[in-house]
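S.K.: Take this sequence and fold it.
(one chain, ligands or ions: 1)
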Amino acid sequence: MTPIIRHVLRSLGRTGLVLALTISAILISILLDTLFAKLLGLALDLHRDVMMIILIAGLTTPILSWYLVGLLLRVDVMEREMTQLASIDSLTSVYNRGYFYKKSLTALSSKASLKKSGVSAFFVLDLDDFKQINDQHGHLCGDQALVVFAEVLRSIFHYPNVVARLGGDEFAVLLCNATEAEVASFAQSVLDRVRNAALVTEQGTVNFTASIGVATFQGQGEQVFEKAFQTADKALYEVKRAGRDGYKIQAVDQ
Ligand SMILES: Nc1nc2c(ncn2[C@@H]2O[C@H](COP(=O)(O)OP(=O)(O)OP(=O)(O)O)[C@@H](O)[C@H]2O)c(=O)[nH]1
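M.R.: I've put the predicted structure just below:
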């Protein structure tokens with residue numbers, strides 16, 4: 001479905017669109033009737049013709065368009081569901097890896113992002129000893145930890161920042177137009193919120209922590225983005241090596 005049709009459909013709704021189509025059909029019919037009468041040199045009985053047109057177009061258009069608009073609405077819902085399935089991680093409801101790249105590249109090249117003077121920051125976030133949570137408390141508890149982690153990220157990073165699950169217990173965030181101090185404060189907030197988020201299990205509560213690697217950079221494009229990913233990954237590795245439950249911010253060597 002084209003974006004224009006989708007926009008009209010969503011803004012007018014079924015009743016509005018049927019009404020608009022019926023009025024348009026009546027007006028167009030009157031216009032054509034007048035035009036043909038003039039072209040063919042026929043005497044125009046406007047009153048009778050208009051009554052006829054209102055009767056025919058006014059009856060047939062709503063019935064036909066009600067059905068057609070209904071079909072279009074169903075297609076619109078299906079398209080929305082398909083887009084969601086293709087872009088959202090089903091467990092945590094944040095973006096999936098593929099959509100994250102696409103969305104991030106768009107966010108970086110947006111006018112608002114290019115105009116401002118701050119830096120962009122690529123966060124790679126990973127739960128600590130997640131395998132142990134799975135092994136000791138079961139995979140359902142592990143899943144719960146992933147959902148809670150995603151909720152923490154979503155509550156800290158709002159639109160237009162992009163939050164995604166890259167796979168397993170690894171998540172990523174693209175933060176646009178932030179100061180260095182804000183980047184550090186966001187990272188610290190994530191660590192604090194995760195540390196305080198206890199999972200409730202039959203054996204009691206389970207606490208967990210996360211490690212974060214952050215790459216700060218300026219500019220846009222796939223190459224810059226790829227470099228930022230590598231830098232953040234390296235920083236994450238260093239945090240893990242240093243004992244976990246921390247963050248490291250590294251500027252991308254540009
Ligand atoms: N419950 C659950 N576990 C998953 C899922 N996807 C991957 N895993 C598990 O996540 C674990 C990932 O562990 P790793 O990241 O390699 O290691 P870790 O134990 O977190 O250790 P560090 O990252 O070094 O702190 C593996 O045991 C996977 O089986 C999932 O969707 N649900």
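S.K.: all strands in the chain, in order from the N-terminus.
M.R.: Counting by DSSP state E, the segments of the chain that form strands are 95-96, 119-127, 162-167, 170-178, 199-201, 204-206, 210-217, 247-251.
S.K.: I'd like to know which of those strands lies nearest to residue 237.
M.R.: Evaluated over those, closeness to residue 237 peaks at strand 210-217, with 7.0 Å, by CB to CB. C-betas here are computed from N, CA, C, even on glycine.
S.K.: Is the closest one in proximity to the ligand?
M.R.: No - no part of strand 210-217 sits near the ligand under the criterion CB under 6 Å from any ligand atom; the closest distance found is 6.7 Å.
S.K.: mind putting the strands of the chain in TSV, mean neighbour count and mean pLDDT included?
M.R.: Rendered in TSV, the data for the strands of the chain read as follows (neighbours: other CB atoms under 10 Å; pLDDT from 0 to 100):
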stretch	mean neighbour count	mean pLDDT
strand 95-96	20	94
strand 119-127	25	95
strand 162-167	22	95
strand 170-178	22	92
strand 199-201	14	86
strand 204-206	12	90
strand 210-217	25	96
strand 247-251	18	96
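S.K.: need those strands in CSV with distance to residue 147, can you?
M.R.: Supplementary listing: the strands of the chain in CSV, determined by distance: least, CB to CB, whole Å:
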stretch, distance to residue 147
strand 95-96, 15
strand 119-127, 12
strand 162-167, 10
strand 170-178, 12
strand 199-201, 10
strand 204-206, 13
strand 210-217, 14
strand 247-251, 22
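S.K.: Which among the ones you listed is found nearest to residue 80?
M.R.: Taking CB to CB, strand 95-96 is the member of these nearest to residue 80, at 15.4 Å.
S.K.: So which residues on the chain come close to the ligand?
M.R.: The interface of the chain toward the ligand, taken as CB under 6 Å from any ligand atom, is made up of 91, 126-131, 134, 139, 142-143, 146, 168-169, 240, 244.
S.K.: now those residues: which count as buried?
M.R.: With neighbours counted by 16 or more other CB atoms under 10 Å, the residues of the chain next to the ligand contain buried members at 126, 127, 128, 130, 134, 142, 146, 169, 240.
S.K.: Closest one of those residues to residue 119?
M.R.: Using CB to CB, these come closest to residue 119 at residue 126, 22.1 Å.
S.K.: The closest residue to residue 72 other than its chain neighbours: how many residues sit nearby?
M.R.: Excluding its sequence neighbours, the residue lying closest to residue 72 (CB to CB, 6 or more residues apart in numbering) is residue 9, at 5.8 Å. Residue crowding around residue 9 was assessed by other CB atoms under 10 Å; the count is 18.
S.K.: Report the separation between residue 9 and the ligand.
M.R.: In this structure, residue 9 and the ligand are 36 Å apart, going by CB to the nearest ligand atom, to the nearest Å.
S.K.: Could you report the pLDDT at that residue?
M.R.: Model confidence at residue 9, given as pLDDT, is 81.
S.K.: what's the answer for residue 115, then?
M.R.: pLDDT for residue 115: 61.
S.K.: Spit out the contact partners of the nearest residue to residue 127 once chain neighbours are set aside.
M.R.: Using CB to CB, 6+ apart and skipping residues adjacent in sequence, the residue nearest residue 127 is residue 169, 4.1 Å away. Going by CB atoms under 8 Å, 6 or more residues apart in numbering, residue 169 touches 126, 127, 130, 142, 145, 146, 149.
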